[in-house]
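Participant: need a 3D model of the sequence below.
(4 chains)
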There are 2 protein chains.
Amino acid sequence: MGWFLERIAVYEFTDQQNSLLRIGPPGPNILLTMSDRRTQILDAAATLISERGFTSTSVDDVIKGAKLSGKSHFYHYFKSKEELGYEVLNRQFERFAERGLAILREPMIDPLERLNLFIDAVVALQSESGGRRGSPFGNLAAELADAHEGFRVRIEAVFERWASQIRSLLWEARPQLHDDVDAVRLSRFIIAALEGAVLMTRVKRDLSVLEGIAADLKRFIAMHVRDGAAMQHNRAVE
Amino acid sequence: MGWFLERIAVYEFTDQQNSLLRIGPPGPNILLTMSDRRTQILDAAATLISERGFTSTSVDDVIKGAKLSGKSHFYHYFKSKEELGYEVLNRQFERFAERGLAILREPMIDPLERLNLFIDAVVALQSESGGRRGSPFGNLAAELADAHEGFRVRIEAVFERWASQIRSLLWEARPQLHDDVDAVRLSRFIIAALEGAVLMTRVKRDLSVLEGIAADLKRFIAMHVRDGAAMQHNRAVE
DNA sequence: ACAAATTAGGACCGAGTGGTCCTAGTCACC
DNA sequence: GGTGACTAGGACCACTCGGTCCTAATTTGT
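Facilitator: Have a look, this model is predicted:
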(Lines give C-alpha, C1' and ligand atoms only; values in the text may rest on other atoms or scores of the structure.)
Protein backbone atom coordinates (compact mmCIF):
# COMPACT_ATOMS: atom_id res chain seq x y z
CA MET A 1 0.00 0.00 0.00
CA GLY A 2 2.88 2.28 0.72
CA TRP A 3 4.21 1.32 -2.65
CA PHE A 4 0.96 2.32 -4.27
CA LEU A 5 1.01 5.74 -2.70
CA GLU A 6 4.61 6.22 -3.67
CA ARG A 7 3.68 5.58 -7.26
CA ILE A 8 0.93 8.11 -7.11
CA ALA A 9 3.29 10.70 -5.74
CA VAL A 10 5.82 10.03 -8.46
CA TYR A 11 3.30 10.39 -11.19
CA GLU A 12 1.67 13.39 -9.70
CA PHE A 13 4.93 15.24 -9.85
CA THR A 14 5.79 13.96 -13.27
CA ASP A 15 2.65 15.16 -14.95
CA GLN A 16 0.47 17.63 -13.22
CA GLN A 17 -2.25 17.94 -15.81
CA ASN A 18 -3.20 14.28 -15.93
CA SER A 19 -1.99 13.52 -12.47
CA LEU A 20 -2.49 9.82 -12.73
CA LEU A 21 -1.15 9.46 -16.23
CA ARG A 22 2.32 8.63 -17.29
CA ILE A 23 3.82 10.73 -20.04
CA GLY A 24 7.03 10.52 -21.95
CA PRO A 25 8.50 7.28 -23.26
CA PRO A 26 6.55 4.03 -23.04
CA GLY A 27 6.31 2.69 -19.58
CA PRO A 28 4.16 1.16 -16.93
CA ASN A 29 0.52 1.52 -16.52
CA ILE A 30 -0.05 0.74 -12.90
CA LEU A 31 -2.56 3.39 -12.09
CA LEU A 32 -4.34 3.43 -15.38
CA THR A 33 -5.87 0.11 -16.26
CA MET A 34 -7.20 -0.70 -19.68
CA SER A 35 -10.68 0.44 -18.75
CA ASP A 36 -9.34 3.68 -17.32
CA ARG A 37 -7.76 4.56 -20.63
CA ARG A 38 -10.91 3.66 -22.45
CA THR A 39 -12.80 5.89 -20.08
CA GLN A 40 -10.42 8.70 -20.77
CA ILE A 41 -10.87 8.30 -24.52
CA LEU A 42 -14.61 8.00 -24.17
CA ASP A 43 -14.79 11.21 -22.17
CA ALA A 44 -12.80 13.13 -24.71
CA ALA A 45 -14.86 11.69 -27.54
CA ALA A 46 -18.13 12.45 -25.78
CA THR A 47 -17.20 16.10 -25.43
CA LEU A 48 -16.13 16.41 -29.03
CA ILE A 49 -19.13 14.55 -30.41
CA SER A 50 -21.57 16.62 -28.42
CA GLU A 51 -19.89 19.73 -29.75
CA ARG A 52 -19.45 18.87 -33.42
CA GLY A 53 -21.47 15.76 -34.05
CA PHE A 54 -20.19 12.29 -34.79
CA THR A 55 -19.32 12.68 -38.46
CA SER A 56 -17.43 15.90 -37.93
CA THR A 57 -15.37 14.46 -35.12
CA SER A 58 -12.32 12.75 -36.50
CA VAL A 59 -10.35 10.02 -34.83
CA ASP A 60 -7.37 12.34 -34.83
CA ASP A 61 -9.39 14.89 -32.89
CA VAL A 62 -10.21 12.28 -30.29
CA ILE A 63 -6.55 11.28 -30.09
CA LYS A 64 -5.56 14.86 -29.55
CA GLY A 65 -8.33 15.35 -26.98
CA ALA A 66 -7.37 12.25 -25.03
CA LYS A 67 -3.65 12.97 -25.44
CA LEU A 68 -2.83 9.66 -26.96
CA SER A 69 0.41 8.95 -28.74
CA GLY A 70 -1.03 8.13 -32.15
CA LYS A 71 -3.53 6.31 -34.28
CA SER A 72 -2.43 2.82 -33.36
CA HIS A 73 -2.69 3.73 -29.73
CA PHE A 74 -6.33 4.56 -30.27
CA TYR A 75 -7.00 1.46 -32.32
CA HIS A 76 -5.53 -0.59 -29.55
CA TYR A 77 -8.55 0.26 -27.44
CA PHE A 78 -11.29 0.56 -30.04
CA LYS A 79 -11.56 -1.47 -33.16
CA SER A 80 -13.24 1.33 -35.12
CA LYS A 81 -14.67 4.79 -34.89
CA GLU A 82 -18.09 3.25 -35.08
CA GLU A 83 -17.50 1.15 -31.97
CA LEU A 84 -16.27 4.25 -30.20
CA GLY A 85 -19.51 5.99 -31.10
CA TYR A 86 -21.60 3.17 -29.75
CA GLU A 87 -19.78 3.15 -26.46
CA VAL A 88 -20.00 6.91 -26.14
CA LEU A 89 -23.73 6.57 -26.61
CA ASN A 90 -23.95 3.91 -23.91
CA ARG A 91 -21.85 5.89 -21.53
CA GLN A 92 -23.80 9.06 -22.10
CA PHE A 93 -27.00 7.18 -21.42
CA GLU A 94 -25.65 5.78 -18.18
CA ARG A 95 -24.55 9.18 -17.08
CA PHE A 96 -27.92 10.63 -17.92
CA ALA A 97 -29.62 7.73 -16.19
CA GLU A 98 -27.71 8.48 -13.03
CA ARG A 99 -28.90 12.00 -12.81
CA GLY A 100 -32.20 12.10 -14.63
CA LEU A 101 -33.81 8.72 -14.68
CA ALA A 102 -32.87 8.01 -11.08
CA ILE A 103 -35.28 10.73 -10.06
CA LEU A 104 -38.12 8.94 -11.81
CA ARG A 105 -37.46 5.85 -9.69
CA GLU A 106 -37.17 7.60 -6.34
CA PRO A 107 -39.67 5.68 -4.19
CA MET A 108 -40.14 8.19 -1.39
CA ILE A 109 -41.62 10.98 -3.48
CA ASP A 110 -45.05 11.26 -5.00
CA PRO A 111 -44.81 10.02 -8.60
CA LEU A 112 -46.24 13.12 -10.25
CA GLU A 113 -43.98 15.28 -8.12
CA ARG A 114 -41.09 13.14 -9.32
CA LEU A 115 -42.09 13.81 -12.91
CA ASN A 116 -41.86 17.53 -12.27
CA LEU A 117 -38.51 17.06 -10.60
CA PHE A 118 -37.36 15.09 -13.61
CA ILE A 119 -38.31 17.92 -15.92
CA ASP A 120 -36.48 20.31 -13.64
CA ALA A 121 -33.44 18.06 -13.83
CA VAL A 122 -33.45 18.20 -17.62
CA VAL A 123 -33.57 21.97 -17.44
CA ALA A 124 -30.78 22.02 -14.89
CA LEU A 125 -28.66 19.72 -17.03
CA GLN A 126 -29.01 22.08 -19.96
CA SER A 127 -28.28 25.10 -17.83
CA GLU A 128 -24.84 23.71 -17.10
CA SER A 129 -23.79 24.07 -20.70
CA GLY A 130 -25.79 27.26 -21.11
CA GLY A 131 -28.19 25.41 -23.37
CA ARG A 132 -25.46 25.07 -25.95
CA ARG A 133 -25.01 21.33 -26.16
CA GLY A 134 -28.49 19.96 -26.41
CA SER A 135 -29.38 16.37 -25.87
CA PRO A 136 -26.63 13.99 -26.91
CA PHE A 137 -29.27 11.53 -28.02
CA GLY A 138 -31.31 14.04 -29.93
CA ASN A 139 -28.24 15.33 -31.70
CA LEU A 140 -27.10 11.91 -32.74
CA ALA A 141 -30.63 11.00 -33.70
CA ALA A 142 -30.99 13.92 -36.05
CA GLU A 143 -27.56 13.35 -37.51
CA LEU A 144 -27.56 9.61 -37.99
CA ALA A 145 -31.11 8.26 -37.84
CA ASP A 146 -31.36 8.01 -41.59
CA ALA A 147 -27.74 7.46 -42.47
CA HIS A 148 -26.66 4.81 -40.01
CA GLU A 149 -28.94 2.00 -38.98
CA GLY A 150 -26.70 0.83 -36.16
CA PHE A 151 -26.95 4.16 -34.41
CA ARG A 152 -30.64 4.48 -35.14
CA VAL A 153 -31.40 1.23 -33.37
CA ARG A 154 -29.30 2.14 -30.37
CA ILE A 155 -30.83 5.58 -30.04
CA GLU A 156 -34.27 4.08 -30.35
CA ALA A 157 -33.39 1.79 -27.47
CA VAL A 158 -32.29 4.74 -25.37
CA PHE A 159 -35.57 6.55 -25.93
CA GLU A 160 -37.46 3.36 -25.25
CA ARG A 161 -35.81 2.81 -21.87
CA TRP A 162 -36.49 6.44 -21.10
CA ALA A 163 -40.13 6.13 -22.11
CA SER A 164 -40.67 2.92 -20.22
CA GLN A 165 -39.38 4.55 -17.07
CA ILE A 166 -41.95 7.30 -17.45
CA ARG A 167 -44.67 4.78 -18.27
CA SER A 168 -44.11 2.85 -15.09
CA LEU A 169 -44.17 6.10 -13.14
CA LEU A 170 -47.45 6.94 -14.78
CA TRP A 171 -48.76 3.52 -13.88
CA GLU A 172 -47.76 4.13 -10.30
CA ALA A 173 -49.64 7.43 -10.34
CA ARG A 174 -52.77 6.06 -11.97
CA PRO A 175 -55.01 6.60 -8.90
CA GLN A 176 -54.41 10.32 -9.30
CA LEU A 177 -54.92 10.36 -13.05
CA HIS A 178 -57.94 10.39 -15.28
CA ASP A 179 -59.05 6.99 -16.41
CA ASP A 180 -58.52 7.70 -20.07
CA VAL A 181 -54.84 8.67 -19.76
CA ASP A 182 -52.80 6.81 -22.35
CA ALA A 183 -49.45 6.22 -20.66
CA VAL A 184 -47.68 5.27 -23.90
CA ARG A 185 -48.79 8.39 -25.67
CA LEU A 186 -48.20 10.70 -22.76
CA SER A 187 -44.70 9.37 -22.16
CA ARG A 188 -43.86 9.90 -25.82
CA PHE A 189 -45.25 13.38 -25.68
CA ILE A 190 -43.13 14.28 -22.69
CA ILE A 191 -39.96 13.06 -24.35
CA ALA A 192 -40.74 14.71 -27.66
CA ALA A 193 -41.52 18.01 -26.01
CA LEU A 194 -38.30 17.93 -24.02
CA GLU A 195 -36.17 16.95 -27.00
CA GLY A 196 -37.78 19.62 -29.11
CA ALA A 197 -37.36 22.17 -26.37
CA VAL A 198 -33.69 21.39 -25.96
CA LEU A 199 -33.19 21.72 -29.71
CA MET A 200 -35.01 25.04 -29.87
CA THR A 201 -33.01 26.28 -26.92
CA ARG A 202 -29.78 25.38 -28.63
CA VAL A 203 -30.79 27.19 -31.80
CA LYS A 204 -31.96 30.29 -29.96
CA ARG A 205 -29.14 30.20 -27.45
CA ASP A 206 -31.70 31.16 -24.85
CA LEU A 207 -32.36 29.03 -21.81
CA SER A 208 -35.65 30.72 -21.10
CA VAL A 209 -37.11 28.88 -24.10
CA LEU A 210 -36.52 25.60 -22.36
CA GLU A 211 -37.80 26.92 -19.06
CA GLY A 212 -41.03 28.12 -20.64
CA ILE A 213 -41.65 24.86 -22.43
CA ALA A 214 -40.86 22.91 -19.29
CA ALA A 215 -43.44 24.94 -17.39
CA ASP A 216 -46.01 24.36 -20.11
CA LEU A 217 -45.23 20.68 -20.13
CA LYS A 218 -45.90 20.49 -16.42
CA ARG A 219 -49.24 22.14 -17.00
CA PHE A 220 -50.02 19.65 -19.72
CA ILE A 221 -49.27 16.79 -17.36
CA ALA A 222 -51.38 18.43 -14.67
CA MET A 223 -54.22 18.41 -17.16
CA HIS A 224 -54.36 14.64 -16.80
CA VAL A 225 -54.72 14.73 -13.06
CA ARG A 226 -58.06 13.98 -11.48
CA ASP A 227 -59.74 17.09 -10.15
CA GLY A 228 -59.68 15.97 -6.53
CA ALA A 229 -56.14 14.59 -6.53
CA ALA A 230 -53.22 16.37 -4.94
CA MET A 231 -51.37 18.30 -7.62
CA GLN A 232 -50.48 21.78 -6.67
CA HIS A 233 -48.41 22.60 -9.72
CA ASN A 234 -51.34 23.58 -11.84
CA ARG A 235 -50.95 27.25 -12.54
CA ALA A 236 -48.75 28.24 -9.67
CA VAL A 237 -45.60 27.32 -11.55
CA GLU A 238 -45.15 30.62 -13.22
CA MET B 1 -42.63 31.95 -81.17
CA GLY B 2 -42.50 29.20 -83.75
CA TRP B 3 -38.80 29.27 -83.27
CA PHE B 4 -39.20 28.75 -79.58
CA LEU B 5 -41.41 25.75 -80.03
CA GLU B 6 -39.06 24.28 -82.59
CA ARG B 7 -36.31 24.47 -80.03
CA ILE B 8 -38.37 22.71 -77.48
CA ALA B 9 -39.10 19.90 -79.89
CA VAL B 10 -35.45 19.50 -80.71
CA TYR B 11 -34.43 19.28 -77.12
CA GLU B 12 -37.22 17.04 -76.11
CA PHE B 13 -36.12 14.48 -78.62
CA THR B 14 -32.48 14.91 -77.80
CA ASP B 15 -32.79 14.22 -74.13
CA GLN B 16 -35.85 12.51 -72.84
CA GLN B 17 -34.91 12.29 -69.18
CA ASN B 18 -34.36 15.97 -68.60
CA SER B 19 -36.59 17.04 -71.39
CA LEU B 20 -35.63 20.66 -71.24
CA LEU B 21 -31.96 20.12 -70.70
CA ARG B 22 -29.28 19.89 -73.30
CA ILE B 23 -26.78 17.08 -72.96
CA GLY B 24 -23.68 16.21 -74.87
CA PRO B 25 -21.20 18.83 -76.01
CA PRO B 26 -21.45 22.40 -74.79
CA GLY B 27 -24.24 24.34 -76.39
CA PRO B 28 -27.04 26.77 -75.96
CA ASN B 29 -29.09 27.25 -72.89
CA ILE B 30 -32.25 28.79 -74.17
CA LEU B 31 -34.74 26.82 -72.20
CA LEU B 32 -32.78 26.61 -69.02
CA THR B 33 -31.95 29.99 -67.63
CA MET B 34 -29.40 30.52 -64.92
CA SER B 35 -32.02 30.33 -62.24
CA ASP B 36 -33.43 27.12 -63.67
CA ARG B 37 -30.07 25.41 -63.36
CA ARG B 38 -29.66 26.72 -59.87
CA THR B 39 -33.08 25.37 -59.03
CA GLN B 40 -32.12 22.02 -60.40
CA ILE B 41 -28.96 21.94 -58.29
CA LEU B 42 -30.82 23.15 -55.23
CA ASP B 43 -33.41 20.42 -55.57
CA ALA B 44 -30.79 17.73 -55.84
CA ALA B 45 -28.89 19.17 -52.90
CA ALA B 46 -32.01 19.47 -50.79
CA THR B 47 -32.78 15.80 -51.24
CA LEU B 48 -29.25 14.72 -50.43
CA ILE B 49 -28.92 17.00 -47.42
CA SER B 50 -32.20 15.88 -45.95
CA GLU B 51 -31.07 12.28 -46.34
CA ARG B 52 -27.48 12.48 -45.11
CA GLY B 53 -27.07 15.87 -43.50
CA PHE B 54 -25.05 18.79 -44.74
CA THR B 55 -21.59 17.69 -43.70
CA SER B 56 -21.97 14.22 -45.15
CA THR B 57 -23.18 15.53 -48.48
CA SER B 58 -20.23 16.25 -50.72
CA VAL B 59 -20.19 18.66 -53.61
CA ASP B 60 -19.46 15.72 -55.89
CA ASP B 61 -22.62 14.03 -54.67
CA VAL B 62 -24.61 17.11 -55.56
CA ILE B 63 -22.97 17.25 -58.98
CA LYS B 64 -23.86 13.64 -59.59
CA GLY B 65 -27.40 14.20 -58.34
CA ALA B 66 -27.95 17.25 -60.52
CA LYS B 67 -26.17 15.62 -63.48
CA LEU B 68 -23.68 18.39 -63.93
CA SER B 69 -20.57 18.08 -66.02
CA GLY B 70 -18.04 18.72 -63.29
CA LYS B 71 -16.84 20.72 -60.35
CA SER B 72 -16.35 23.97 -62.20
CA HIS B 73 -19.84 23.70 -63.56
CA PHE B 74 -21.12 23.65 -60.03
CA TYR B 75 -18.88 26.47 -58.89
CA HIS B 76 -20.14 28.53 -61.75
CA TYR B 77 -23.50 28.72 -60.02
CA PHE B 78 -22.50 28.68 -56.36
CA LYS B 79 -19.45 30.23 -54.92
CA SER B 80 -19.13 27.66 -52.15
CA LYS B 81 -20.78 24.68 -50.54
CA GLU B 82 -21.74 26.94 -47.69
CA GLU B 83 -23.68 29.26 -49.97
CA LEU B 84 -25.42 26.26 -51.45
CA GLY B 85 -26.45 25.19 -47.98
CA TYR B 86 -27.87 28.62 -47.18
CA GLU B 87 -29.94 28.69 -50.32
CA VAL B 88 -31.20 25.17 -49.77
CA LEU B 89 -32.34 26.29 -46.36
CA ASN B 90 -34.15 29.30 -47.80
CA ARG B 91 -35.76 27.24 -50.50
CA GLN B 92 -36.88 24.58 -48.10
CA PHE B 93 -38.43 27.22 -45.93
CA GLU B 94 -40.30 28.72 -48.83
CA ARG B 95 -41.57 25.35 -49.85
CA PHE B 96 -42.68 24.64 -46.33
CA ALA B 97 -44.22 28.07 -46.09
CA GLU B 98 -46.28 27.38 -49.17
CA ARG B 99 -47.85 24.29 -47.76
CA GLY B 100 -47.75 24.70 -44.03
CA LEU B 101 -47.60 28.33 -43.06
CA ALA B 102 -50.13 29.33 -45.71
CA ILE B 103 -52.73 27.44 -43.74
CA LEU B 104 -52.03 29.58 -40.69
CA ARG B 105 -52.83 32.70 -42.71
CA GLU B 106 -56.02 31.44 -44.33
CA PRO B 107 -58.52 34.18 -43.45
CA MET B 108 -61.75 32.29 -44.04
CA ILE B 109 -61.27 29.67 -41.36
CA ASP B 110 -61.55 30.00 -37.61
CA PRO B 111 -58.02 30.62 -36.27
CA LEU B 112 -57.98 27.75 -33.80
CA GLU B 113 -59.33 25.45 -36.44
CA ARG B 114 -56.50 26.63 -38.68
CA LEU B 115 -54.01 25.71 -36.01
CA ASN B 116 -55.36 22.19 -36.00
CA LEU B 117 -55.19 22.06 -39.76
CA PHE B 118 -51.62 23.24 -39.60
CA ILE B 119 -50.71 20.43 -37.26
CA ASP B 120 -52.46 18.02 -39.60
CA ALA B 121 -50.41 19.43 -42.46
CA VAL B 122 -47.18 18.74 -40.62
CA VAL B 123 -48.29 15.18 -40.05
CA ALA B 124 -49.27 14.83 -43.70
CA LEU B 125 -45.93 16.22 -44.82
CA GLN B 126 -44.13 13.63 -42.77
CA SER B 127 -46.37 10.85 -43.99
CA GLU B 128 -45.16 11.47 -47.52
CA SER B 129 -41.66 10.34 -46.66
CA GLY B 130 -42.93 7.69 -44.28
CA GLY B 131 -41.59 9.72 -41.38
CA ARG B 132 -38.07 9.05 -42.57
CA ARG B 133 -36.82 12.49 -43.40
CA GLY B 134 -37.78 14.59 -40.45
CA SER B 135 -37.81 18.33 -40.43
CA PRO B 136 -35.12 19.82 -42.66
CA PHE B 137 -34.74 22.66 -40.19
CA GLY B 138 -34.58 20.44 -37.16
CA ASN B 139 -32.00 18.21 -38.79
CA LEU B 140 -29.78 21.08 -39.77
CA ALA B 141 -30.29 22.67 -36.38
CA ALA B 142 -29.10 19.60 -34.54
CA GLU B 143 -26.20 19.12 -36.90
CA LEU B 144 -24.88 22.64 -37.20
CA ALA B 145 -26.27 24.82 -34.38
CA ASP B 146 -23.04 24.59 -32.40
CA ALA B 147 -20.57 24.14 -35.19
CA HIS B 148 -21.60 26.77 -37.68
CA GLU B 149 -22.84 30.16 -36.58
CA GLY B 150 -24.01 31.14 -40.05
CA PHE B 151 -26.42 28.25 -40.20
CA ARG B 152 -27.50 28.71 -36.61
CA VAL B 153 -28.59 32.28 -37.25
CA ARG B 154 -30.49 31.35 -40.38
CA ILE B 155 -32.26 28.44 -38.72
CA GLU B 156 -33.14 30.66 -35.81
CA ALA B 157 -34.71 33.08 -38.29
CA VAL B 158 -36.76 30.27 -39.82
CA PHE B 159 -38.13 29.24 -36.44
CA GLU B 160 -38.80 32.84 -35.58
CA ARG B 161 -40.87 33.47 -38.70
CA TRP B 162 -42.70 30.27 -37.98
CA ALA B 163 -43.34 31.28 -34.39
CA SER B 164 -44.45 34.77 -35.28
CA GLN B 165 -46.99 33.35 -37.69
CA ILE B 166 -48.45 31.27 -34.89
CA ARG B 167 -48.33 34.21 -32.51
CA SER B 168 -50.38 36.41 -34.78
CA LEU B 169 -52.86 33.59 -35.21
CA LEU B 170 -53.09 33.32 -31.45
CA TRP B 171 -53.63 37.05 -31.25
CA GLU B 172 -56.43 36.74 -33.73
CA ALA B 173 -58.01 34.02 -31.62
CA ARG B 174 -57.64 35.84 -28.32
CA PRO B 175 -61.42 36.30 -27.78
CA GLN B 176 -61.71 32.54 -27.59
CA LEU B 177 -58.70 32.07 -25.33
CA HIS B 178 -58.10 32.44 -21.64
CA ASP B 179 -56.80 35.82 -20.63
CA ASP B 180 -53.55 34.45 -19.24
CA VAL B 181 -52.46 32.70 -22.43
CA ASP B 182 -48.87 33.60 -23.22
CA ALA B 183 -48.71 33.62 -27.01
CA VAL B 184 -44.91 33.65 -27.13
CA ARG B 185 -44.61 30.66 -24.89
CA LEU B 186 -47.42 28.73 -26.46
CA SER B 187 -46.08 29.24 -29.97
CA ARG B 188 -42.68 28.01 -28.87
CA PHE B 189 -44.24 25.02 -27.22
CA ILE B 190 -46.11 24.08 -30.37
CA ILE B 191 -42.99 24.25 -32.50
CA ALA B 192 -40.87 22.39 -29.99
CA ALA B 193 -43.45 19.64 -29.64
CA LEU B 194 -43.72 19.24 -33.39
CA GLU B 195 -39.98 19.24 -33.93
CA GLY B 196 -39.49 16.75 -31.14
CA ALA B 197 -42.30 14.60 -32.47
CA VAL B 198 -40.83 14.52 -35.94
CA LEU B 199 -37.47 13.56 -34.54
CA MET B 200 -38.90 10.75 -32.41
CA THR B 201 -40.88 9.51 -35.37
CA ARG B 202 -37.76 9.35 -37.47
CA VAL B 203 -35.90 7.41 -34.82
CA LYS B 204 -38.74 4.97 -34.24
CA ARG B 205 -39.65 4.75 -37.90
CA ASP B 206 -43.26 4.83 -36.79
CA LEU B 207 -45.66 7.47 -37.99
CA SER B 208 -48.14 6.74 -35.23
CA VAL B 209 -45.74 8.43 -32.81
CA LEU B 210 -46.23 11.70 -34.62
CA GLU B 211 -49.95 11.20 -34.92
CA GLY B 212 -50.29 10.59 -31.20
CA ILE B 213 -48.24 13.60 -30.26
CA ALA B 214 -50.14 15.76 -32.73
CA ALA B 215 -53.41 14.72 -31.12
CA ASP B 216 -52.05 15.47 -27.67
CA LEU B 217 -50.80 18.82 -28.86
CA LYS B 218 -54.26 19.71 -30.08
CA ARG B 219 -55.64 18.83 -26.68
CA PHE B 220 -53.04 21.02 -25.05
CA ILE B 221 -54.05 23.92 -27.24
CA ALA B 222 -57.69 23.26 -26.49
CA MET B 223 -56.80 23.58 -22.83
CA HIS B 224 -56.25 27.29 -23.42
CA VAL B 225 -59.67 27.83 -24.89
CA ARG B 226 -62.29 29.60 -22.85
CA ASP B 227 -64.95 27.19 -21.58
CA GLY B 228 -67.77 28.77 -23.52
CA ALA B 229 -65.90 29.29 -26.79
CA ALA B 230 -66.39 27.15 -29.84
CA MET B 231 -63.72 24.46 -29.86
CA GLN B 232 -65.04 21.04 -30.59
CA HIS B 233 -61.67 19.31 -30.79
CA ASN B 234 -61.42 18.77 -27.10
CA ARG B 235 -61.52 15.04 -26.55
CA ALA B 236 -63.26 14.01 -29.71
CA VAL B 237 -60.02 13.87 -31.68
CA GLU B 238 -59.19 10.32 -30.75
C1' DA C 1 17.33 -13.18 -16.58
C1' DC C 2 13.99 -13.71 -20.03
C1' DA C 3 9.60 -13.99 -22.71
C1' DA C 4 5.06 -12.10 -23.24
C1' DA C 5 2.19 -8.34 -23.10
C1' DT C 6 1.38 -3.75 -23.21
C1' DT C 7 2.31 0.93 -24.71
C1' DA C 8 4.23 4.32 -27.76
C1' DG C 9 5.05 6.56 -32.12
C1' DG C 10 5.41 7.36 -36.66
C1' DA C 11 5.22 6.18 -41.58
C1' DC C 12 2.02 5.11 -44.74
C1' DC C 13 -2.35 3.97 -47.55
C1' DG C 14 -6.29 4.67 -50.73
C1' DA C 15 -10.18 7.28 -50.92
C1' DG C 16 -12.40 11.29 -50.52
C1' DT C 17 -12.79 16.48 -49.27
C1' DG C 18 -13.75 21.53 -50.99
C1' DG C 19 -11.95 24.24 -54.34
C1' DT C 20 -9.00 26.19 -58.46
C1' DC C 21 -7.41 26.43 -63.06
C1' DC C 22 -7.16 25.82 -67.76
C1' DT C 23 -8.93 24.57 -72.27
C1' DA C 24 -12.43 24.39 -75.51
C1' DG C 25 -16.98 24.31 -77.63
C1' DT C 26 -21.24 26.93 -78.62
C1' DC C 27 -24.18 30.62 -78.28
C1' DA C 28 -26.19 35.55 -79.06
C1' DC C 29 -24.98 39.84 -80.56
C1' DC C 30 -22.55 43.55 -82.95
C1' DG D 1 -16.81 37.34 -89.07
C1' DG D 2 -15.33 38.32 -84.81
C1' DT D 3 -16.17 38.94 -79.73
C1' DG D 4 -17.64 38.12 -75.25
C1' DA D 5 -20.65 35.40 -72.30
C1' DC D 6 -22.03 30.99 -71.05
C1' DT D 7 -21.39 26.03 -70.71
C1' DA D 8 -18.69 21.95 -70.45
C1' DG D 9 -15.13 18.86 -68.77
C1' DG D 10 -11.12 17.30 -66.95
C1' DA D 11 -6.68 17.77 -64.58
C1' DC D 12 -5.04 19.07 -60.47
C1' DC D 13 -4.25 20.95 -55.60
C1' DA D 14 -3.40 20.53 -50.58
C1' DC D 15 -5.67 18.50 -47.10
C1' DT D 16 -8.29 15.26 -44.22
C1' DC D 17 -10.54 10.93 -43.53
C1' DG D 18 -10.54 6.09 -41.22
C1' DG D 19 -7.49 2.58 -40.87
C1' DT D 20 -3.06 -0.56 -41.17
C1' DC D 21 1.60 -1.82 -40.33
C1' DC D 22 5.94 -1.96 -38.38
C1' DT D 23 9.32 -1.00 -34.90
C1' DA D 24 10.90 -0.05 -30.42
C1' DA D 25 10.61 0.86 -25.51
C1' DT D 26 9.06 -0.71 -21.13
C1' DT D 27 6.81 -3.47 -17.58
C1' DT D 28 4.97 -7.70 -15.67
C1' DG D 29 5.07 -12.54 -14.69
C1' DT D 30 7.86 -16.43 -14.33
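
Participant: need the contact list for A:Leu140.
Facilitator: Residues touching A:Leu140, when contacts are defined by CB atoms under 8 Å, 6 or more residues apart in numbering or on different chains, comprise A:Ile49, A:Gly53, A:Phe54, A:Leu89, A:Phe151, A:Ile155. For every residue, glycine as well, the C-beta is placed using N, CA and C.

Participant: repeat that for 7 Å
Facilitator: By CB atoms under 7 Å, 6 or more residues apart in numbering or on different chains, the residues touching A:Leu140 are A:Phe54, A:Leu89, A:Phe151, A:Ile155.

Participant: which residues touch A:Phe151?
Facilitator: The contact partners of A:Phe151, taken as CB under 7 Å, 6+ apart, are A:Gly85, A:Leu140, A:Leu144.

Participant: so it, which state does it fall into?
Facilitator: Per DSSP: H, G, I helix; E, B strand; the rest coil, the secondary structure class of A:Phe151 is helix.

Participant: do A:Ala197 as well
Facilitator: helix.

Participant: the residue of chain A found nearest DNA strand C and A:Ile49, how far apart?
Facilitator: When CB to the nearest atom of the strand is the measure, chain A has its nearest residue to DNA strand C at A:Ser69, with 2.5 Å between them. Counting by CB to CB, to the nearest Å, the gap from A:Ser69 to A:Ile49 is 22 Å.

Participant: who's more crowded, the two?
Facilitator: A side-by-side neighbour count of A:Ser69 and A:Ile49, using other CB atoms under 10 Å in any protein chain shown, places A:Ile49 first with 24 against 11.

Participant: quick one: that one and A:Tyr86 touch, right?
Facilitator: No. Counting by CB atoms under 7 Å, A:Ile49 does not reach A:Tyr86; the two are 11.6 Å apart.

Participant: scan the contacts of A:Leu140 and report the most crowded one.
Facilitator: Counting neighbours by other CB under 10 Å, A:Ile155 comes out on top of the contacts of A:Leu140 with 27 neighbours.

Participant: name the nearest residue to that one, ignoring sequence neighbours.
Facilitator: Spatially, and ignoring its direct neighbours in sequence, A:Ile155 is nearest to A:Ala141 (4.8 Å; CB to CB, 6 or more residues apart in numbering or on different chains).

Participant: and the one you found, how many residues sit next to it?
Facilitator: Neighbour count for A:Ala141, taken as other CB under 10 Å: 26.

Participant: the helix or strand hosting it close to DNA strand D?
Facilitator: Assigning secondary structure by DSSP states H and E places A:Ala141 in helix A:136-144. No. Using CB under 7 Å from any atom of the strand, we find that helix A:136-144 stays clear of DNA strand D, coming within 13.2 Å at best.

Participant: I figured A:Ser127 was touching A:Leu207, is that so?
Facilitator: Yes. Here A:Ser127 reaches A:Leu207: they are 6.0 Å apart, a contact under CB under 7 Å.

Participant: quick one, which of the two is more surrounded?
Facilitator: A:Leu207 (16 against 13).

Participant: just give me the neighbour total for the nearest residue to that one once chain neighbours are set aside.
Facilitator: Distances taken as CB to CB, 6+ apart put A:Gly131 closest to A:Leu207, at 4.5 Å, once the chain neighbours are dropped. Other residues lying near A:Gly131 total 23 when counted by other CB under 10 Å.

Participant: kindly report the same for A:Arg132.
Facilitator: Around A:Arg132 there are 15 residues (other CB under 10 Å).

Participant: now do the SS call for it.
Facilitator: Taken by three-state DSSP, the conformation at A:Arg132 corresponds to coil.

Participant: so it sits against A:Lys204, correct?
Facilitator: No. A:Arg132 sits out of contact with A:Lys204 when judged by CB under 7 Å, with a separation of 10.9 Å.

Participant: distance check, the residue sitting nearest the centre point of chain A against chain B.
Facilitator: Residue closest to the mean C-alpha point of chain A, counted by CA atoms, centre = their mean, is A:Phe96 at 3.6 Å. In this structure, A:Phe96 lies at 16 Å from chain B, with CB to the nearest CB, to the nearest Å as the measure.
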